[in-house]
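Colleague: show me the folded form of this:
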Amino acid sequence: MKPKKNKNAVVPSPAITPPSEVPPDQKKILEFRQLTNQAAYFAKLSEFEKTDPGGKRYEQTIKFIHELFEQEEWFSENTPYDFKRHHWSKIADLAYLICGYLKKIALADSPQAVEQLGFLTVEMTETLTQLLTVKSDACKKNEALIKEISTKFDAFWTEGIKSNSELMKRTSRGIPYWPMLRFLNTSANSKKQFKRIAGDLELGKDCPINVSENANYSLETPINSFVWKCLRHFQNACWVIEHNMLPTRRPIQSLNPVWEWVDVPAKTFEEAAENYVIKKIPSPATGRPITAGFIKREGIPIYKEICKLDPLTKSNAETWADKAVMPYVKIEFPDLRKVPELSAINTGRDGKRYSPVRKAVIQSLEQMARKA
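Modeller: Next up, the predicted model:
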């Protein structure tokens, strides 16, 4: 005889796995997502996609860039004189902006950006060498046109028209190197071509370090690399700040091109530098705060002092260390342990031991500087 069922008996519920007993496979997935912050990636991706459904804004941007190129192509083919002397290239401006972003994204470790940077660098280096060694058909036609204009009209109408090497001199005069293709086949590496191009560009003429063939230093040495980066930064900062204190002339696009002063120059060094101080500004695209600028406000007195210094030589290397490099290092690198190039120097437990760094900086400046 079967026992009667107790209707009031409590039926046990199915066993629930406690949180601490998540199955191993699921636990690994959770750990992976937490480690990679994957949820935040897909959430932000979804958020951005909502602002541009179907990628229409992206497609419109690409279309607009193609339209800009077609406009510039028309000017280059149909009005070559004004295209060379007066035309302000929007494509060149966009390239400067986009290449700057590409560099930052590549340094942020984007595989696609790194791959594209490698490809574009080779393409651009090939084009750069071509512009300095071989005259294109467009260049030959323009030269003939300019020559005809100079013989028939006042010299004013060809004034300011520069060759390719002259256009690049503002960059080349300030640096000790120039990009060119290098071959594994060493016999294909032409020293003669490099020397000719370097001469046309006046390579290194205004460079703060010694660029002669007899110079005895290497920028592969960590401390030299670090000091050169500082000098290069000073070079760029002083140029843009001092340039901002000068009025700028640009042509008015018309049938009778005339020049007018369009920018009001800054009255003081501090006012000029303020335009480049690192600050948060609203993004032009989204309104979200983004970081702009490349100098710290507390560094303005340092840049002002640097602009007054005599050019670097072996005899004033210590002055450059004490008035330029070290003051900049102290505000830019509060923890010297985080600077890879200084890893071989004992900077103390808190990374604030500057005296051995100063000694190494002076030695580096003396080694790289020109003779007085």
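Colleague: what helix or strand is the residue most central in space within the chain located in?
Modeller: Per C-alpha atoms, centre = their mean, the C-alpha nearest to the average position across the chain is that of residue 100, at 4.9 Å. Per DSSP states H and E, residue 100 falls inside helix 90-107.
Colleague: roughly how far apart are residue 89 and residue 223?
Modeller: Plainly put, residue 89 is 40 Å away from residue 223 if you go by C-beta to C-beta, to the nearest Å. C-beta: built from backbone N, CA, C; applies to glycine.
Colleague: neighbour count: these two, which is higher?
Modeller: When neighbours are counted by other C-beta atoms under 10 Å, residue 89 and residue 223 differ, and residue 223 comes out ahead with 18 against 13.
Colleague: buried residues, the helix or strand harbouring the more buried one. List them.
Modeller: Secondary structure assigned from DSSP H and E places residue 223 in helix 222-243. Judged by neighbour count (16 or more other C-beta atoms under 10 Å), helix 222-243 contains these buried residues: 222-224, 226-228, 230-235, 237-238, 241.
Colleague: what does stretch 363-370 give?
Modeller: By 16+ other C-beta under 10 Å, the buried positions in stretch 363-370 come out as 364, 365, 366, 367, 368, 369, 370.
Colleague: between the residues you listed, which is closest to residue 83?
Modeller: The shortest distance between residue 83 and any of those, using C-beta to C-beta, involves residue 370 and amounts to 40.5 Å.
Colleague: mind listing the strands for the chain?
Modeller: Shown for the chain, the strands assigned by DSSP state E span residues 248-252, 258-263, 279-282, 289-292.
Colleague: do you know how far residue 334 is from residue 354?
Modeller: Distance from residue 334 to residue 354, counting by C-beta to C-beta: 11 Å.
Colleague: same question for residue 368.
Modeller: 20 Å.
Colleague: same thing with residue 323?
Modeller: Between residue 323 and residue 354 the distance is 14 Å, computed by C-beta to C-beta.
Colleague: show me the domain layout of this protein.
Modeller: Under automatic domain parsing, the residue ranges defining each domain of the chain are 59-161, 165-206, 208-253+265-372.
Colleague: among those domains, which is nearest residue 47?
Modeller: Go through the domains of the chain one by one with C-beta to C-beta and the one that ends up closest to residue 47 is domain 208-253+265-372, at 10.5 Å.
Colleague: end-to-end on that closest one?
Modeller: Distance across domain 208-253+265-372, first residue to last, is 12 Å (C-alpha to C-alpha, to the nearest Å).
Colleague: got it, and stretch 313-332?
Modeller: For stretch 313-332, the separation between the terminal residues is 24 Å (C-alpha to C-alpha).
Colleague: could you pull out the buried residues of that stretch?
Modeller: Neighbour count says stretch 313-332 has 313, 316-317, 320-321, 323-330 buried, by 16+ other C-beta under 10 Å.
Colleague: show residues contacting it.
Modeller: Counting by C-beta atoms under 8 Å, 6 or more residues apart in numbering, the neighbours of stretch 313-332 from elsewhere in the structure are 227, 230-231, 233-234, 296, 298-299, 302, 305-306, 309-310, 312, 336, 354, 357-358, 361-362, 365-366, 369-372.
Colleague: do the same with stretch 92-112
Modeller: Outside stretch 92-112, the residues that touch it by C-beta under 8 Å, 6+ apart are 65, 68, 113, 114, 116, 117, 120.
Colleague: residues contacting the fifth one?
Modeller: If a contact means C-beta under 8 Å, 6+ apart, then residue 116 has 102, 106 as its contacts.
Colleague: swap in 7 Å and give it another go.
Modeller: residue 102 (C-beta atoms under 7 Å, 6 or more residues apart in numbering).
Colleague: where's it relative to residue 63, distance?
Modeller: Counting by C-beta to C-beta - residue 116 and residue 63 are separated by 20 Å.
Colleague: could you list the low-confidence segments of this protein?
Modeller: Low-confidence regions of the chain, defined by pLDDT under 70, span residues 1-20, 248-264.
Colleague: can you do 50?
Modeller: In the prediction, the chain carries residues with pLDDT under 50 at positions 10-11, 13-17, 249-262.
Colleague: not counting sequence-adjacent ones, nearest residue to residue 279?
Modeller: Using C-beta to C-beta, 6 or more residues apart in numbering and skipping residues adjacent in sequence, the residue nearest residue 279 is residue 293, 5.6 Å away.
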